[in-house]
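>>> sharing a model prediction with you, sequence too.
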Amino acid sequence: MTPSEIVEILKGAFPQAVGEPSADGSHPGVAVAAEAWHEAAVFLRDDPRLRMNMLRCLSGLDLHPEPHLELVYDLISMRPGGAAGLWENAGEIAIRVRVPRDGGRVRSVADVWPAAEWHERETFDLLGVTFDQHPDLRRILCPDDWVGHPLRKDYEFPTEYEGIPAAAASADVKK
Amino acid sequence: MAEFTTEDALRSRWSAAARPRAVRWFSGLGVVFVLGAAALGLLATRLTGMSYAVALAVAVVLLLTGGSCLGAAVVVQYPRAVGRLLQRLGLPLFLLAVAAIIVVAWAPVLLWPDKPLIVRDVLAVVGAVGFVSLFASFAIWWERKVAGRIQSRLGPMRVGGWHGWAQSIADGLKLFQKEDILPGGGDAVLFRMAAYVTFVPALSLFIALPFSAAWVGRDLDVGLLLIVALFGLGVIGVLLGGWASNNKWSMYGAMREACQVISYEIPLGFSLLIPIMVAGTLRLTTIGELQAGGFWTWLAFRNPFTLIAALTFLIATLASCKRAPFDLPEAESELVAGYMTEYSGFRWALFMFAEYAEMFAAGALTAILFFGAWHSPLPAAWGAAWATGPLWQQALHGVVFSGPLWLIFKGIFFVYVQIWLRWTLPRIRLDQVMHACVQFMLPVTMVVLLAQTFWQLLVPAGSVLAVALNLACTVLGALVALGIASIAVYGLRYRRRLVGTLVVDHLPGS
Amino acid sequence: MPDAPLTNSPDSLADVERVVPGELRTEEMLLNMGPQHPSTHGVLRLVLRTDGELVLEAVPHIGYLHRCAEKIGESVASFQFIPITDRLDYLAAMINNQGFSLAVEKLAGLEVPERARYIRVIMAELNRIASHLVSFGTYGLDMGAFTPFLYGFREREYILDLFEAACGARLTYSFITPGGVTQDLPDGFLDNLARFLDYFEPKIDEYNDLLSFNYIFIKRTAGVGVISPEDAIAYGLTGPCLRGSGVKWDLRRCMPYELYDRFDFEIPVGVAGGTDRIPREVVAGDSWSRYFVRMQEMKQSVRILRQCVQQLPAGEFRNKPKGILKLPPKEVYLEVEGARGQLGFLVVGDGKAVPRRVKIRGPSFCNLAITKHVCRQVLLADIAAILGSIDVVMGEVDR
């Protein structure tokens, strides 16, 4: 199934929330409104035509200076039935969900794909998107008392952490 | 330890300026002490009674001190030459020390067998301590060598020269120097005590362990009972250590140890009952002498039940010594180091000593109870004339027919089996350990005990059935021994091929 | 937890029920396993809630090895990021290089000569074998068998020698680069490779006899940590962990990249025991299956390598871009089949040499997330069995 067919099916179910397929041919995807994302996710997983059963990756993009963060959910549908018992790729698509940079919130899809749990924690940690109804939303890679979200484009490097001079500070000292 | 030689240990740390001064002082003091000793010695010839003894003792001490000072002067002046000399003489000196300890410990016992028991006991304790320390350092080195060969490595190769023979000694020295760490929040008294509570029983059981009919500290009526009791005591030290460490991993290790060792005491005891029933005594020397008539009279080959009992006994001792595949109390991939997690330095070394002592004791006990004790496979009757002949004939008798050497050899063989298993098998899980004990070992040993009882009641000693089964078991045992021997020969023959595979020979230019 | 909790496989629970009757409960204890612990394979930390030897719950905590790889990716040119990819899954660094290079090539539209593609496949498959050897060895170590570890490392040493001959490095290679590889294969490399393959292939059977079919080993791993195919897909498991559950899914075959459509090889998957040589106790998706998939994959990698040795054409080894490689303002997401699963790179260009965003999907990161689900109601010793069979590399989890 091609990405455009997937977008057609999705658009049929959510005419308001689903945007146009992205023009970028190297990473075919479609924008989905943040409010409708959870329903769309359940639909993507359960619809017999789609059955997007695996969330491969969740990437957060900072669109700075635009006031948006974009979440890219890479989904794939894996089905048995290929030659010699091989499973087949029955279609893949990237779903793009935009949230505002300040106070961006989106419903967690950890209940749809359990794989999302850690990916969402990572996005929360590094980009500062809050996922509602997430089972355990904590920082995952940075320490719990870390300040700021490092992958934001306007992130300022701390000069020290817990009394340890950080890289930026020691670079200044060398100068 | 990368490379530690005797030369390193002796390398002088004196600075260039301090060295002549130190040499002057040492040699001056040495000369003074030696002259003083000579003078005192001369004086002593005029004295009598108590003052004579005191003067002589002081003279000897002075002489020793003076000698040490002169020796120190030589070492400081020529450190490298002395180091090199020691390195070259290291192995002979070490072997000499080994021989000296054995002689000092055991010779008097042999020479005066009817001297007061307390002297004998003291000598036996000295002998046991010497033997255990020697055996532990040998076994640790040996285990590393065997492990290395099994894993296509060489094992220790550097320390002391020939195949790293001094590795355990160097490790021991290192452990002596290490900081004695007490875990915060732990019970300091119990923590300290635990190492001794483990070590002392493991050591004491050597008092009652006969190395031959004559070479035994105390030939007790209940020798076997005492040894098994002391064997079981070690677990208390482990429990104490695990509890006092204030560490959850240690606690887990201690609990596993308690649960495993105490469970396996039961099949161990049942297996022990078989030789006791056959011999009708708990005295180990009697059990040993029962098997003097060649390897077909060894208890393991008497009938099928004794053979099974020998196997269950071996397995149960594996569990009691917490050796793989029963090494759960110290399972490093699960419990870090189990009950030893918080121990360091010499206390840790004591646990290791106790473990290796127990390993040897278990091996020796297996040999005494089931595999001919201190007798060679040949019937002792063939060498009866040698046993009472001149000294050289007695020595030959000890090597060929029966003597402590044979027991030590057999003990080491069973230790080797334990090492072999450890480096071959994965570890089993706790529930499987208990399952194996309760659902397999216990029924098997019980059935064997019952069967042996009926066997003794119903089958007369010389009957056709008894002889036939004795023969069958003997042949089976001989085949197993042959198999092991052929594996050993194969390994020896291809040892270069097995070890040398790490040599990178397939790259251009190499 | 998810709204509709995924059922734990009944097989793994049945085993525990037999061990610990439900009535017998003692005081619960929290046990901190790691970040320094022999069987967490690095700096993973698990907080275990235990009831005696029974682990009721295991909560993984990660981040101890976080080195801001993605932030670095936004700060350096794509060429300069290659050495950082080495340090993700440091046991299979070639495949990391390859994944990132493929993503950059796709973004920048860079052509790669055919010889370079073959060399990449050779390196990737060799590295897969090396990585699986470490996994085999350390898994034996987790189960208390020391010796396989040394054997695995002995064989890996040959592979590292081959890598050293090719690029000078033994662990972090930076060999595969956008446009090809940094240098051509040295003289005699193919002969040595063929000799290694002849030497190595029979060894796999030897190791199967030594460890895989060892009775104690089977008892320890079969039926432990069973992951159903549905769970595996839902949790985003990939690589041997997914295939161990019986899902025949391998990117090299299902979505071929490089030249994998030219080679003849099979995709081993976990199957229920009783057939062939698979022991009776084995359930598809248990620790033993995951482990055994790796052992079989090594054989398939040898097969691919043999074909590479035969087919390797002459020609250029690199299509070197003129000047600095500028990344167009587009976005690509590309996955390759790494040693531990699907390694994904999302690269966003900005018209400059420095990418705007680099996102790394570490397979171990996704695979590790299932521990919380699987390590429930298992024995303490099973934690090592499960973790070892999932085979995580913390460099990739924490990035």
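Great, that's in hand.

>>> so for chain B, the centremost residue is which one?
Centroid-nearest residue in chain B: residue B:135, 3.6 Å away (criterion: CA atoms, centre = their mean).

>>> and that one, how far is that from residue B:314?
19 Å (CB to CB, to the nearest Å). Yep, even glycine has a C-beta here, placed from its N, CA and C like the rest.

>>> count the neighbours of residue C:161 for me.
By the criterion of other CB atoms under 10 Å in any protein chain shown, residue C:161 has 18 neighbours.

>>> quick check: chain neighbours aside, which residue is closest to the residue of the stretch 101-250 of chain C found nearest chain B?
Going by CB to the nearest CB, chain B is nearest to residue C:144 of the stretch 101-250 of chain C, at 2.7 Å. Once flanking residues are discounted, residue C:144 sits nearest to residue B:427: 2.7 Å by CB to CB, 6 or more residues apart in numbering or on different chains.

>>> which ones are touching that neighbour?
Counting by CB atoms under 8 Å, 6 or more residues apart in numbering or on different chains, residue B:427 touches B:324-328, B:331, B:333, C:143-145, C:216, C:220, C:381.

>>> to which secondary structure element type does it belong?
Following DSSP: H, G, I helix; E, B strand; the rest coil, the label given to residue B:427 is coil.

>>> relative to chain A, how far out is it?
Using CB to the nearest CB, to the nearest Å, residue B:427 is found at 31 Å from chain A.

>>> likewise for residue C:256?
Computed as CB to the nearest CB, the residue C:256 to chain A distance reads 11 Å.

>>> part of a helix, is that residue?
No: if the criterion is three-state DSSP, then residue C:256 is coil and not within a helix.

>>> which pLDDT value goes with it?
We have a pLDDT of 87 for residue C:256.

>>> run a quick neighbour tally on it.
Residues near residue C:256, counting by other CB under 10 Å, number 14.

>>> try residue C:72
So residue C:72, with other CB under 10 Å, has 16 neighbours.

>>> off-centre distance for the helix or strand containing it?
Counting by DSSP states H and E, the element that carries residue C:72 is helix C:69-73. Centroid separation between helix C:69-73 and its chain, computed with CA atoms, centre = their mean, to the nearest Å, is 21 Å.

>>> mind checking pLDDT for residue C:347?
Looking at residue C:347, its pLDDT is 91.

>>> ok, it to residue A:11 distance?
28 Å.

>>> between the two, who's got more neighbours?
The neighbour count for residue C:347 versus residue A:11, taken as other CB under 10 Å, is higher for residue C:347 (27 against 16).

>>> touching, that one and residue C:104? I think so.
Yes: the pair residue C:347 and residue C:104 qualifies as a contact (CB atoms under 8 Å) at a distance of 6.3 Å.

>>> so what's the residue nearest the centre of chain C up against?
A centroid search over chain C (CA atoms, centre = their mean) returns residue C:340, at 1.5 Å, as the residue closest to the centre. By CB under 8 Å, 6+ apart, residue C:340 lies in contact with C:89, C:92, C:131, C:238-241, C:363-364, C:367, C:391-393, C:396.

>>> try it again with 6 Å
Neighbouring residues of residue C:340 by CB atoms under 6 Å, 6 or more residues apart in numbering or on different chains: C:239, C:363, C:364.

>>> in which helix or strand does the last one reside?
Think residue C:364. In the assignment (DSSP H and E), residue C:364 maps to helix C:363-368.

>>> avg pLDDT for that helix?
90.

>>> buried stuff in stretch B:152-165?
Within stretch B:152-165, the residues scored as buried using 16 or more other CB atoms under 10 Å in any protein chain shown are B:152, B:153, B:155, B:156, B:159, B:160, B:163, B:164, B:165.

>>> mind giving me JSON lines with the residues you listed and columns for secondary structure, distance to chain C and pLDDT?
Shown next, in JSON lines, are these (DSSP: H, G, I helix; E, B strand; the rest coil; distance: CB to the nearest CB, whole Å; pLDDT from 0 to 100):
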{"residue": "B:152", "secondary structure": "coil", "distance to chain C": "6", "pLDDT": "77"}
{"residue": "B:153", "secondary structure": "coil", "distance to chain C": "6", "pLDDT": "77"}
{"residue": "B:155", "secondary structure": "coil", "distance to chain C": "11", "pLDDT": "81"}
{"residue": "B:156", "secondary structure": "coil", "distance to chain C": "15", "pLDDT": "84"}
{"residue": "B:159", "secondary structure": "coil", "distance to chain C": "21", "pLDDT": "78"}
{"residue": "B:160", "secondary structure": "coil", "distance to chain C": "24", "pLDDT": "72"}
{"residue": "B:163", "secondary structure": "helix", "distance to chain C": "19", "pLDDT": "80"}
{"residue": "B:164", "secondary structure": "helix", "distance to chain C": "18", "pLDDT": "81"}
{"residue": "B:165", "secondary structure": "coil", "distance to chain C": "23", "pLDDT": "81"}
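
>>> which two from those end up farthest apart in space?
Using CB to CB, the two most remote members of those are B:152 and B:160, lying 23.1 Å apart.

>>> for chain B, what's its nearest residue on chain A.
Here the residue of chain A nearest chain B is residue A:162; by CB to the nearest CB that distance is 22.4 Å.

>>> can you check the pLDDT for residue B:16?
pLDDT, residue B:16: 65.

>>> ignore what I typed, I meant residue B:448.
At residue B:448, pLDDT is 93.

>>> and for the residue of chain B found nearest chain A, the neighbour number?
Proximity of chain B to chain A (CB to the nearest CB) peaks at residue B:184, 22.4 Å away. Applying other CB under 10 Å, we find 7 residues neighbouring residue B:184.

>>> just the helices in the stretch 251-399 of chain C please.
C:251-254, C:287-311, C:363-368, C:371-374, C:380-390, C:394-398 (DSSP state H, counting those that start in this stretch).

>>> tell me what the longest one is packed against?
Yep, that's helix C:287-311 we're talking about. helix C:114-142, helix C:189-207, helix C:240-244, helix C:380-390 (3 or more CB pairs under 6 Å, 6 or more residues apart in numbering or on different chains; DSSP states H and E).

>>> can you check the last one too?
Taking 3+ CB pairs under 6 Å, 6+ apart as contact, the helices and strands that helix C:394-398 lies on are helix C:363-368.

>>> how far is the helix it packs on from where the chain is centred?
With CA atoms, centre = their mean, you get 9 Å for helix C:363-368.

>>> repeat for stretch C:226-243
The answer for stretch C:226-243 is 13 Å, by CA atoms, centre = their mean.

>>> next, the distance between the ends of it.
Using CA to CA, to the nearest Å, the end-to-end distance of stretch C:226-243 comes to 13 Å.
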